[in-house]
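Colleague: Okay, structure incoming, though there's no sequence with it:
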(Lines give C-alpha, C1' and ligand atoms only; values in the text may rest on other atoms or scores of the structure.)
Protein backbone atom coordinates (compact mmCIF):
# COMPACT_ATOMS: atom_id res chain seq x y z
CA UNK A 1 0.00 0.00 0.00
CA UNK A 2 1.26 3.41 -0.89
CA UNK A 3 1.44 6.07 1.78
CA UNK A 4 -1.14 8.81 1.27
CA UNK A 5 -1.00 12.25 2.81
CA UNK A 6 -4.03 14.16 4.06
CA UNK A 7 -6.32 11.22 4.69
CA UNK A 8 -8.64 13.63 6.45
CA UNK A 9 -9.72 15.37 3.24
CA UNK A 10 -10.77 14.52 -0.30
CA UNK A 11 -8.67 15.72 -3.23
CA UNK A 12 -10.92 14.61 -6.14
CA UNK A 13 -8.66 11.67 -6.98
CA UNK A 14 -10.90 8.57 -6.84
CA UNK A 15 -8.23 6.28 -5.42
CA UNK A 16 -7.23 8.75 -2.72
CA UNK A 17 -10.86 9.45 -1.84
CA UNK A 18 -11.50 5.71 -1.34
CA UNK A 19 -8.52 5.56 1.03
CA UNK A 20 -9.97 8.53 2.93
CA UNK A 21 -13.26 6.63 3.38
CA UNK A 22 -11.47 3.44 4.42
CA UNK A 23 -9.28 5.31 6.92
CA UNK A 24 -12.34 7.01 8.43
CA UNK A 25 -14.22 3.72 8.72
CA UNK A 26 -11.26 1.90 10.30
CA UNK A 27 -10.61 4.65 12.83
CA UNK A 28 -14.20 5.31 13.87
CA UNK A 29 -15.97 2.04 13.16
CA UNK A 30 -18.68 4.02 11.35
CA UNK A 31 -19.57 3.83 7.70
CA UNK A 32 -19.90 7.03 5.73
CA UNK A 33 -23.33 8.50 4.91
CA UNK A 34 -23.25 6.84 1.50
CA UNK A 35 -24.29 3.61 3.21
CA UNK A 36 -27.24 5.11 5.04
CA UNK A 37 -30.11 2.57 5.24
CA UNK A 38 -32.71 5.06 3.99
CA UNK A 39 -30.66 5.77 0.87
CA UNK A 40 -30.19 2.07 0.16
CA UNK A 41 -33.92 1.41 0.69
CA UNK A 42 -34.79 4.21 -1.74
CA UNK A 43 -32.32 2.82 -4.29
CA UNK A 44 -33.82 -0.68 -4.04
CA UNK A 45 -37.34 0.72 -4.34
CA UNK A 46 -36.33 2.54 -7.52
CA UNK A 47 -34.91 -0.69 -8.93
CA UNK A 48 -38.15 -2.50 -8.08
CA UNK A 49 -40.12 0.10 -10.08
CA UNK A 50 -38.34 -0.79 -13.33
CA UNK A 51 -40.42 -2.66 -15.87
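Modeller: Sure thing, it's come through. Nothing here was measured: the structure is a model prediction, and the numbers come from that model.
Colleague: Which helix runs longest in this protein?
Modeller: Criterion DSSP state H: the longest helix present in the chain is helix 14-28.
Colleague: helix or strand right after that helix?
Modeller: Remark: after helix 14-28, the chain's next helix or strand is helix 37-48, criterion DSSP states H and E.
Colleague: helices or strands next to that next one in the packing?
Modeller: Applying 3 or more C-beta pairs under 8 Å, 6 or more residues apart in numbering; DSSP states H and E, we find helix 37-48 packed against no helix or strand. From N, CA and C alone the C-beta is placed, and that goes for glycine too.
Colleague: if we can go back for a sec, please identify the buried residues of the longest helix of the chain?
Modeller: Buried residues in helix 14-28, defined by neighbour count with 16 or more other C-beta atoms under 10 Å: 16, 19-20.
Colleague: can you redo the residues you listed as TSV with pLDDT and distance to residue 47?
Modeller: TSV is the format used below for the buried residues of helix 14-28 (pLDDT from 0 to 100; distance: C-beta to C-beta, whole Å):
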residue	pLDDT	distance to residue 47
16	83	30
19	85	29
20	84	28
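Colleague: closest to residue 39 among these?
Modeller: The nearest member of the buried residues of helix 14-28 to residue 39, counting by C-beta to C-beta, is residue 20 at 19.3 Å.
Colleague: Quick check: that closest one touching residue 7?
Modeller: Yes - between residue 20 and residue 7 a contact is recorded at 5.4 Å, counting by C-beta atoms under 8 Å.
Colleague: Where does the prediction get shaky in this structure?
Modeller: Within the chain, the ranges that satisfy pLDDT under 70 run 1-5, 31-37, 51.
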